[in-house]
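> can't give you the sequence, but here's the structure:
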């Protein structure tokens, strides 16, 4: 498997060893097993098809834990703009499947989080790395 890609934009992208549908299902199972909730799934490719546009498989999974999200919002309430947390599962032009999520550093910088919010953001990123890793690995 390829290495995780992280860049200055605050994104982490992890390649999956699985095709698209099993990757999404494995992600949702890992989220639930970690004690988080899958709040919603947005199938961007299906929505594009309704508009007559072809888009490679792309699904946004919205997830969270009221305990973690509330800790973030107690620090800076406007962080709610970026909650629930999200993982984008997408297939590139070479049919490689990826999972992409935001880093803790990005949330901290974007919202000016203090010590408590930073700790919650770091814990959240740890969970995102865990569930994405489980979904992506063989």
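Looks like it arrived, so ask away. Note that this is a predicted model, so its numbers are computed, not measured.
> who's the residue nearest the centre of the chain bridged to?
The centroid of the chain falls nearest to residue 87 when counting by Cα atoms, centre = their mean (2.0 Å). Under DSSP bridges, the beta-bridge partners of residue 87 are residue 61.
> Show me which helix runs longest in the chain.
Identified as the longest helix of the chain according to DSSP state H is helix 115-136.
> Mind listing what's buried along that one?
117-125, 127-129, 131-132, 135-136 (16 or more other Cβ atoms under 10 Å). Glycine gets a C-beta too; all of them are placed from N, C-alpha and C.
> Not counting sequence-adjacent ones, nearest residue to residue 127?
residue 34 (5.7 Å; Cβ to Cβ, 6 or more residues apart in numbering).
> Next, count neighbours for that neighbour.
Neighbours of residue 34 under the rule other Cβ atoms under 10 Å: 14.
> what do you get for residue 39?
14.
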